[in-house]
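In: build the 3D model from these lines:
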Amino acid sequence: MSIKILKYIFIELVRSRFIIFYGIFLFVLSSAVIYIGHDPSKAVVTMLNLVLFIIPLVSLIFGTIHFYNSGEFIELLLTQPVDRRSVFTAEYLGIAFSLSLAFAAGTGIPLVFFGFTFPVFLLIITGVVLTFIFVSLAFLSSVMNNDKVKGIGLSVMIWLFMSVIFDGIIFIILFVFSDYPLEKFILIFTSLNPVDLSRILILLQLNISALMGFTGALFRDYFGSTAGMVTAAILLICWMIIPGILSMKIFSKKNF
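Out: Here you go, the predicted structure:
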């Protein structure tokens, strides 16, 4: 039953105007970056910065709005002999898969056509993982708030914190406590942000020291390039699983 629900949700979302527009927008954006840059490494770095800004915002807002708009559909499903976890999983995977497909096609096709490299592959995989992470955060925000406005507001705040405010906090900490050894603290603090982890994961592979920043340099110095990538990847997987489990537990006890 859950597979049928997932298939239905996925097909409906893939056909939606927003998903189609999202894929076309990323395709045009990727093509423009490649056409202007004429360099695989520069194209990956440029797309990385754009992806780290766009994916969290789209995944959070679209995931939150879709969850609230699917309220009546979810209620209908729950009247059937279907487990709540199956409904939640189908909703989550339907959104995550459709957004990931749009991203992988829109971003991947131009980059692969231009020249397939491991950093390009890593960028696509990282983008897909980020999509799953922020859709799970969107669901967590939604199940925690019955009010749609509050849920969307919380999702926007999550995006602002992880994409904008977080780096500012690190800068302030480094400036105020510059006389203290902060390396281990910054490493732990960085694990609280999947956006920074994604950036570090790809820049370690590209080995572009000037763009790594303080946190990227720390990962390279403490773990080395390969171990640093593995550590960042494990932390990203944790970010994908933990919010999803919390969301499912709240959803299982939620009254509709």
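
In: check what contacts stretch 134-147 and list those residues.
Out: In this structure, residues lying in contact with stretch 134-147 by Cβ atoms under 8 Å, 6 or more residues apart in numbering are 55-56, 59-64, 67-68, 88, 91-92, 95-96, 99, 151, 154-155, 158-159, 194, 240, 243-244, 246-247, 250-251, 254. Every residue, glycine included, has its C-beta placed from N, CA and C.

In: then stretch 74-91?
Out: By Cβ under 8 Å, 6+ apart, stretch 74-91 touches 1-2, 5-6, 9, 67, 70, 139, 247-248, 251-252, 256.

In: same thing but at 10 Å, please
Out: 1-10, 63, 66-68, 70, 73, 135, 139, 142-143, 244, 247-254, 256 (Cβ atoms under 10 Å, 6 or more residues apart in numbering).

In: give the buried residues for it.
Out: Buried residues in stretch 74-91, defined by neighbour count with 16 or more other Cβ atoms under 10 Å: 74, 77, 84, 87-91.

In: which among those gets closest to Gly106?
Out: Glu91 (22.9 Å; Cβ to Cβ).

In: does that closest one belong to a helix, a strand or coil?
Out: Classification of Glu91 using DSSP: H, G, I helix; E, B strand; the rest coil returns helix.

In: is it true that Lys7 touches Ser98?
Out: No - the criterion here is Cβ atoms under 10 Å, and Lys7 misses it with Ser98 at 11.6 Å.

In: who's more crowded, those two?
Out: Ser98 (26 against 12; other Cβ atoms under 10 Å).

In: residue ranges with poor pLDDT in the stretch 101-250 of the chain?
Out: Along the stretch 101-250 of the chain, segments meeting pLDDT under 70 span 206-226, 228.

In: at 50 instead, please
Out: 209-210 (pLDDT under 50).

In: can you give me the helices in it?
Out: 118-144, 148-160, 166-176, 183-190, 194-206, 209-253 (DSSP state H, counting those that start in this stretch).
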